[in-house]
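In: I would like to see how this sequence folds:
(one chain, ligands or ions: 1)
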Amino acid sequence: MELIEVIKRRRSIRAYEDKKIEREKLARVLDAGRLAPSARNLQDWKFIVVKSLEMRTRIAHACKSEDFVREAPVIIAACGTNPDYIMTCGQKAYPIDVSIALTHMMLRAEDLGLGTCWLGAFNEKKVKELLAVPAKVRIVALLTLGYSRYHPPSKSRKSLDEVVCYDRWK
Ligand SMILES: Cc1cc2nc3c(=O)[nH]c(=O)nc-3n(C[C@H](O)[C@H](O)[C@H](O)COP(=O)(O)O)c2cc1C
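Out: Below you'll find the model as predicted:
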């Protein structure tokens, strides 16, 4: 698929088939994340791939939307391993770096016929405990991954005019 087609087709998927993801496909999704850019190319990230139903169920309990999180055959816990690094612009690098990597994965997944949903509504403390994540490391997001049961309609977006201005703030 053309990149723009992948971008246009992607949706947040909240219903998954009871079907495993092929090992090779999963590796391709993860590799797209590995190849993402990061501040100073530090790549201070770790992606915990959760497949077991028992652990998915436990993680789902720590999320607001339990059902589809448990249903997805894979949950990726995307971690920033260096939360202290602040860029010259004053922004913390880790949530940005990890988000770019996850976006790569989401688009690659779509390209391979898989669906994803980004999750911010989870209890980080509980998920860290479940996955034995070191105290210093932050979980930026959870990503569900699997074969979609249906393709939801697209959601509206603001127009370019609303979100873009030229030469100065307007
Ligand atoms: C930072 C972030 C956090 C999100 N958190 C959740 C979440 O906790 N639960 C959920 O169901 N969807 C979550 N989403 C998905 C958004 O609701 C979704 O991307 C948005 O409604 C647009 O729909 P679309 O992805 O289908 O285009 C999140 C997305 C982002 C980027």
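In: residue 118: neighbour count?
Out: Each residue near residue 118 was counted by other C-beta atoms under 10 Å, and the total is 16. Backbone N, C-alpha and C define where each C-beta goes, glycine included.
In: tell me the mean pLDDT for whatever helix or strand residue 67 lives in?
Out: Under the criterion DSSP states H and E, the helix or strand holding residue 67 is helix 66-71. What helix 66-71 shows for mean pLDDT is 93.
In: just stretch 2-14 next, same as before
Out: Model confidence over stretch 2-14 averages 98 on the pLDDT scale.
In: what residues does the chain have near the ligand?
Out: Applying C-beta under 6 Å from any ligand atom, we find that the chain lies next to the ligand at 11, 12, 14, 65, 117, 118, 119, 120, 121, 155.
In: Three-state assignment for the last one, please.
Out: Translated: residue 155. When classified by DSSP: H, G, I helix; E, B strand; the rest coil, residue 155 comes out as coil.
In: burial measure for it, as a count.
Out: As a burial measure, residue 155 scores 7 neighbours (other C-beta under 10 Å).
In: before we move on, the earlier item: which elements pack onto the helix holding residue 67?
Out: With contacts defined as 3 or more C-beta pairs under 8 Å, 6 or more residues apart in numbering; DSSP states H and E, the packing partners of helix 66-71 are helix 53-61, strand 138-146.
In: what comes into contact with the helix or strand bottoming out on mean pLDDT in the chain?
Out: Each helix and strand of the chain was given a mean pLDDT (mean pLDDT, DSSP states H and E); the minimum falls on helix 66-71 at a mean of 93. The set of residues external to helix 66-71 that reach it, using C-beta atoms under 8 Å, 6 or more residues apart in numbering, is 13-16, 18, 53, 56-57, 59-60, 63, 75, 117, 119, 142, 144, 146.
In: please redo it, this time with the cut-off set to 10 Å
Out: Helix 66-71 is contacted by residues 12-18, 53, 56-63, 75, 117, 119, 121-122, 142, 144, 146, 149 when judged by C-beta atoms under 10 Å, 6 or more residues apart in numbering.
In: likewise stretch 10-19?
Out: Defining contact as C-beta under 10 Å, 6+ apart, one finds that stretch 10-19 is touched by 65, 67-74, 103, 106-107, 109-111, 114-119, 144-155.
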